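Student: need a 3D model of the following:
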Amino acid sequence: EKVFCVSKDELVSVNKIGNTKAEAILNFNKWDKVKKIVENCKKEGIKIVSINDKNYPEPLREIEDAPFLIFKKGELVKEDIFAIAVVGSRKPTKYGLRVTDMIVGELVEAGFTIISGMARGIDTEAHKAAVLRKGRTIAVLGSGIDVPYPAENYFLMKKIEKIGAIITEFPLGTKPEKGNFPRRNRIISGLSMGVLVVEASSDSGALITARHALQQNKEVFAVPGMITSNTTKGTHMLLKEGAVLVESAEDIIKELAPRLKGFTNEKKKKDIILSKEEETVIKHLTKEPIHIDILTRESHLPLNKLLSILTGLELKG
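Tutor: The predicted structure follows:
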């Protein structure tokens with residue numbers, strides 16, 4: 001309110017507010033649009049959180065260019081300060097998807113919240129891996145909350161609302177324009193303790209998130225990949241520049257240990273009861289993929305029974 005009540009001289013005296021912006025503020029007259037956005041947010045159950053609100057995420061408040069307002073669906077909780085951002089290629093390899101699922105699964109089991117940007121590829125896989133394990137995940141959009149992007153993630157967003165949160169700095173109706181995503185990336189890194197890059201080409205948007213993390217004094221982690229793949233050019237560049245090499249969640253936890261203050265040690269693994277047949281199958285599983293025919297032969301279980309057991313194991317996380 002005060003911003004719209006001061007003089008032009010007072011506005012211009014503020015850093016980065018020149019004559020053009022001062023005039024735009026003084027001549028602003030789109031209050032009907034503002035009122036409509038507020039009313040629609042109430043109708044859709046979207047909360048508007050200002051930087052002065054006690055519910056504003058504390059890690060985000062600390063970054064230099066924190067958004068003044070965020071639009072939120074779902075809930076943010078105090079444990080979300082223990083969060084890792086997971087980003088990467090929009091066109092990942094099977095290796096990248098497998099590694100994302102594995103590491104996110106380990107992070108969720110340790111109690112971390114997973115932050116990502118809901119983009120196709122690694123971002124989507126990170127959210128899905130957290131949802132599958134019933135962990136917390138926060139999606140940061142480059143559009144209005146009422147404009148799901150990509151559209152195929154609409155139902156994934158609905159699931160995330162129930163177990164985590166969807167947030168954006170863009171008002172309702174904002175389209176997913178190209179320039180929104182670099183801005184969004186600073187929020188992804190700002191919410192996290194560190195950023196994990198799984199796969200990224202040399203010009204990937206994931207590298208922008210990593211650069212934001214460095215500017216915000218956050219840790220940068222990277223998963224190595226095949227030297228012949230274009231999707232690892234960016235991650236290997238980060239590793240050469242000093243990013244922490246990650247082969248499992250343990251590498252991340254070790255690096256962050258001084259700031260965790262026993263957080264992960266307090267998390268108890270859930271007691272999962274396995275049948276003898278499930279234990280038999282698990283003995284033959286490793287972190288590398290195995291063909292179903294080989295697994296059938298080694299476990300001495302018929303194919304239909306094996307498929308049923310594998311489904312059960314997946315549901316148990």
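
Student: residue 145: what secondary structure?
Tutor: Using DSSP: H, G, I helix; E, B strand; the rest coil, the secondary structure recorded for residue 145 is coil.

Student: so where's the longest helix in this protein?
Tutor: Using DSSP state H, we find that the single longest helix of the chain is helix 94-109.

Student: next, count neighbours for residue 184.
Tutor: Residues near residue 184, counting by other CB atoms under 10 Å, number 25. (Glycine included, C-beta is placed from N, CA and C.)

Student: whoops, residue 12 was the one
Tutor: Using other CB under 10 Å, residue 12 has 13 other residues around it.

Student: residue contacts, it?
Tutor: Shown in contact with residue 12 (CB atoms under 8 Å, 6 or more residues apart in numbering): 18, 19, 22.

Student: which of those residues has the most neighbours?
Tutor: Going by other CB under 10 Å, residue 22 tops those with 19 neighbours.

Student: from memory that one sits against residue 7, does it?
Tutor: No. Taking contacts as CB atoms under 8 Å, residue 22 lies outside contact range of residue 7: 9.2 Å.

Student: what's the weakest-modelled helix or strand in the chain?
Tutor: None of the helices or strands of the chain scores lower by mean pLDDT, DSSP states H and E than helix 303-315, at a mean of 87.

Student: contact partners for the spatially most central residue of the chain?
Tutor: The chain has residue 116 as the residue nearest its centroid, 1.7 Å off, counting by CA atoms, centre = their mean. Each residue near residue 116 by CB under 8 Å, 6+ apart is listed here: 85-87, 122-124, 126-127, 137-140, 188.

Student: give me the below-cutoff pLDDT ranges for the stretch 1-150 of the chain.
Tutor: Within the stretch 1-150 of the chain, not a single segment meets pLDDT under 70.

Student: if we can go back for a sec, check which residues of the least confident helix or strand of the chain are buried.
Tutor: 306, 309 (16 or more other CB atoms under 10 Å).

Student: cool, thanks, talk later.
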